[in-house]
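J.: Sharing a sequence plus its predicted fold:
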Amino acid sequence: MNAMEKPALSGQDRQAPLVRLERAGVSSGGRWLVRGVDLSVSPGEIVTLIGPNGSGKSTSAKMALGILTPSEGKAERKRGLKVGYVPQKLLVDWTLPLTVRRFMALTVKLSDAQIHAALERTGAAHLMRAEVRHLSGGELQRVLLARAIAVSPDLLVLDEPVQGVDYSGEIAIYELISRLRTELGCGVLMISHDLHVVMAATDQVICLNGHVCCRGTPSAVSQSPAFLQLFGHRAGAGIAVYQHHHDHVHLPDGRVRHADGTVSEDCAGEHCEAPHGHEDHSHDHASHHAHAHGEGCGHDHVHDHNHGHAHDHSHTHSGEAVKETTDAR
Ligand SMILES: Nc1ncnc2c1ncn2[C@@H]1O[C@H](COP(=O)(O)OP(=O)(O)OP(=O)(O)O)[C@@H](O)[C@H]1O
């Protein structure tokens, strides 16, 4: 059944979630791509999915969008929901000349005035007649964002919106997304390419590793000298660090491989100290970690990082910091 046919959320309550996944999972070819995903995005809210390559971020976003139907659990969307989507990959023949103006109107009927207005909002109006294949990484992302907002969406789904963008450009794009959220009043479901750095404006970070490992609210800016040196002082206003570690991996058959190589049926509430090699970003945010899969992982803990870790949810991903290598072009 098409997920769009599932019972829709009431459109009456403006604060009702725009989209909600409940213990949602997708299996394909006898293997779970992701499972046990709980998430909701309300108007004006920014939810960011992080996790290593192949951890199920895009799959979860596609369930939220209705592109993929959950094999288990539920995906619900507000009735009549309008979605603007920036996909991770574009299927466009880049050998053909294609202006930004034509590209914007390829799949949706838009007037020149609408195209110009959307491009203006993303700071790319001057690119209207430029060829898409000649755009820089940052320019392309602004054009993709303009294409997504041109339909006046209730929900923006952004799959790695800063790919191909350098650090200073990344900060500018994050600030733009934050501003668009405020101006349009839309919800934002974003996939971040970086495991450690997320927008400060993010209301909730959900970390996936084939399941929801942890979730929380980044509310502090890193004061780490290395961070400030790398990103510049202005970065502190736009980016926060969300610290998390993983020391178990969920296998395709549902079992769990632990850091010591042993395999068990579930992760049995495994919350270890942090035997990791990340730089120690200072963080004073309170984060809410909630496992959302299987028995034994149904713990909800609130951590106040100012007051030490009563529990440190330390999970080691099979891959560490993720830098997306996929070129949108
Ligand atoms: N259509 C599909 N059919 C079968 N397997 C798929 C399909 N799409 C994705 N997968 C697999 O599902 C898993 C999750 O993929 P997904 O694209 O959701 O991960 P991701 O976290 O977005 O990764 P990345 O950071 O690399 O984009 C991966 O192992 C991937 O190979």
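T.: Great, that's in hand.
J.: Give me every residue in the stretch 51-200 of the chain lying close to the ligand.
T.: Contact residues (CB under 6 Å from any ligand atom) of the stretch 51-200 of the chain with the ligand: 51, 53-59, 88. Using the backbone N, CA and C atoms, a C-beta is placed for each residue, glycine as well.
J.: Show me which of the residues you listed are buried.
T.: Neighbour-count burial (16 or more other CB atoms under 10 Å) applied to these gives 51, 54-59, 88.
J.: rewinding a little: can you redo the residues of the stretch 51-200 of the chain next to the ligand as a markdown table with secondary structure and pLDDT?
T.: Rendered in a markdown table, the data for those read as follows (DSSP: H, G, I helix; E, B strand; the rest coil; pLDDT from 0 to 100):
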| residue | secondary structure | pLDDT |
| --- | --- | --- |
| Gly51 | coil | 75 |
| Asn53 | coil | 81 |
| Gly54 | coil | 87 |
| Ser55 | coil | 86 |
| Gly56 | coil | 92 |
| Lys57 | helix | 91 |
| Ser58 | helix | 92 |
| Thr59 | helix | 95 |
| Gln88 | coil | 80 |
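J.: Output the residues you listed in a markdown table; the columns should cover distance to Arg31.
T.: Below are those laid out as a markdown table (distance: CB to CB, whole Å):
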| residue | distance to Arg31 |
| --- | --- |
| Gly51 | 17 |
| Asn53 | 16 |
| Gly54 | 11 |
| Ser55 | 14 |
| Gly56 | 12 |
| Lys57 | 17 |
| Ser58 | 16 |
| Thr59 | 12 |
| Gln88 | 21 |
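J.: Between the residues you listed, which sits nearest Gln114?
T.: Gln88 (25.0 Å; CB to CB).
J.: Touching, that closest one and Pro161? I think so.
T.: No. Using CB atoms under 8 Å, Gln88 is not in contact with Pro161; the gap is 9.5 Å.
J.: ok, Val26 - contacts?
T.: 32-35, 56, 59, 63, 68-71 (CB atoms under 8 Å, 6 or more residues apart in numbering).
J.: any idea how far Ile206 is from it?
T.: 16 Å (CB to CB, to the nearest Å).
J.: Can I get the helix or strand hosting Thr48 in PDB, CA atoms only?
T.: Per DSSP states H and E, Thr48 falls inside strand 46-50. The C-alpha coordinates for strand 46-50 follow below in PDB (Å, rounded to 0.1, in the frame of the first residue of the first chain):
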ATOM      1  CA  ILE A  46      14.000  21.600  12.700                       C
ATOM      2  CA  VAL A  47      14.900  17.900  13.200                       C
ATOM      3  CA  THR A  48      18.300  16.700  12.000                       C
ATOM      4  CA  LEU A  49      19.100  13.000  11.300                       C
ATOM      5  CA  ILE A  50      22.800  12.100  11.700                       C
END
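J.: Now do the same for it: mean pLDDT, whole number.
T.: Average pLDDT, strand 46-50: 88.
J.: Pairing partners for that strand, with directions?
T.: Each strand paired with strand 46-50, and its direction, by DSSP bridges: strand 187-191 (parallel), strand 204-208 (parallel).
J.: wait, doesn't Arg35 sit right on Leu21?
T.: No. Using CB under 8 Å, Arg35 is not in contact with Leu21; the gap is 10.9 Å.
J.: Residues that sit against both of these two, list them.
T.: Common neighbours of Arg35 and Leu21 (CB under 8 Å, 6+ apart) are Gly73.
J.: so who does the residue nearest to Leu98 when sequence neighbours are not counted touch?
T.: Distances taken as CB to CB, 6 or more residues apart in numbering place Val132 nearest to Leu98, at 5.0 Å, with adjacent residues excluded. Neighbouring residues of Val132 by CB under 8 Å, 6+ apart: 92, 94, 98-100, 103, 140, 143.
J.: His126: how many residues sit nearby?
T.: 11 (other CB atoms under 10 Å).
J.: Phi first, then psi, for it.
T.: Here is the backbone geometry of His126 (degrees, to the nearest 10): phi -70, psi -10.
J.: Next, count neighbours for the residue lying closest to Arg23 once chain neighbours are set aside.
T.: Distance criterion CB to CB, 6+ apart; nearest residue to Arg23, sequence neighbours excluded, is Gly73 at 3.8 Å. Other residues lying near Gly73 total 16 when counted by other CB under 10 Å.
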